[in-house]
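[1] give me coordinates for this.
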Amino acid sequence: MTDRDTAFAEYFAARSGTMRGTAYLLCGDWHRAEDLTQVAFTKLYLAWDRVSRHEALDGYVRQTLFRAFLDERRLGWWHRVRVTDVPLDGATHDGAPDERIAMLAALAHVPARQRAVLILRYWEDLSVEATAALLSCTTGTVKSQAARGLQTLRTHLESSPVRTMRKQT
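    Predicted coordinates:
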């Protein structure tokens, strides 16, 4: 194994789980998240020698991941075929499972571009400017997409069964 391969393997081992989690928030399916993550890391591997600042690798992979997600949605290649309603696997969290499920369900109703903005801004904690640069759009677009995405989330969360049950108790 060359030094290049060793460095890439170490970076992949350290960051692939985080990127897969971000991809899951985008698409809501662990298998598609794995595919998106693989696409992003494959592109990183191919560009490894050209990436001049290795401290900026997270941004490069994140941008590649989001673009792969948006390209997939834009080209109409996506569709989900489920044999059963039972989820195959999932991440563990300390929060209430019913609230997490409600949030993920509401997030699935947010259009892809708005969802990408919400995840970059509020999950990845990027600034408006960094989000705009990553998605190749203006800061005004990021702000408007975030506002629309949050409104869609609120609408779906307010009508979620979890919220309805909590209001009754």
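
[2] could you pull out the buried residues of whatever helix or strand T141 lives in?
    Counting by DSSP states H and E, the secondary-structure element that holds T141 is helix 139-158. Using 16 or more other CB atoms under 10 Å as the burial criterion, the residues of helix 139-158 that qualify are T141, V142, Q145, A146, R148, G149, L150, T152, L153, H156, L157. Placement of C-beta: from N, CA and C, glycine included.

[3] and what of stretch 5-21?
    When burial is assessed from 16+ other CB under 10 Å, stretch 5-21 yields the following buried residues: F8, Y11, F12, R15, S16, M19, R20.

[4] now, which of those sits nearest F66?
    M19 (10.4 Å; CB to CB).

[5] follow-up on the earlier one: hmm, who's touching the helix holding T141?
    Counting contacts by CB atoms under 8 Å, 6 or more residues apart in numbering, the residues outside helix 139-158 that touch it are 102-103, 105-107, 109-111, 113-115, 117-118, 121, 128-129, 131-132, 135, 163.

[6] out of those, which are buried?
    Neighbour counting over those (16+ other CB under 10 Å) leaves 102-103, 106-107, 110, 113-115, 117-118, 121, 128, 131-132, 135, 163 as the buried ones.

[7] and the two most separated of the residues you listed?
    Across the buried ones among the contacts of helix 139-158, the longest distance by CB to CB is 31.9 Å; it joins A132 and R163.

[8] circling back: pull the distance from the helix holding T141 to the chain's centre.
    When C-alpha coordinates are averaged (CA atoms, centre = their mean, to the nearest Å), helix 139-158 and its chain have centres 16 Å apart.

[9] begin at 49, not 1, for the rest of this chat.
    Sure thing, new numbering starts at 49, so read that last one as helix 187-206.

[10] CA atoms only for it - export them in PDB, please.
    What follows is the C-alpha trace of helix 187-206 in PDB, where atoms were taken according to Å, rounded to 0.1, in the frame of the first residue of the first chain:
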ATOM      1  CA  THR A 187     -26.700  33.500  -0.200                       C
ATOM      2  CA  GLY A 188     -30.200  34.800  -0.900                       C
ATOM      3  CA  THR A 189     -31.100  31.400  -2.400                       C
ATOM      4  CA  VAL A 190     -29.800  29.600   0.700                       C
ATOM      5  CA  LYS A 191     -31.800  31.900   3.000                       C
ATOM      6  CA  SER A 192     -35.000  31.500   1.000                       C
ATOM      7  CA  GLN A 193     -34.600  27.700   0.600                       C
ATOM      8  CA  ALA A 194     -33.900  27.500   4.400                       C
ATOM      9  CA  ALA A 195     -37.100  29.500   5.200                       C
ATOM     10  CA  ARG A 196     -39.200  27.400   2.800                       C
ATOM     11  CA  GLY A 197     -37.700  24.200   4.100                       C
ATOM     12  CA  LEU A 198     -38.300  25.100   7.700                       C
ATOM     13  CA  GLN A 199     -41.900  26.000   6.900                       C
ATOM     14  CA  THR A 200     -42.500  22.700   5.300                       C
ATOM     15  CA  LEU A 201     -40.900  20.900   8.300                       C
ATOM     16  CA  ARG A 202     -43.100  22.800  10.700                       C
ATOM     17  CA  THR A 203     -46.200  22.000   8.700                       C
ATOM     18  CA  HIS A 204     -45.500  18.300   8.600                       C
ATOM     19  CA  LEU A 205     -44.400  18.200  12.300                       C
ATOM     20  CA  GLU A 206     -47.500  20.000  13.400                       C
END
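
[11] lovely, talk soon.
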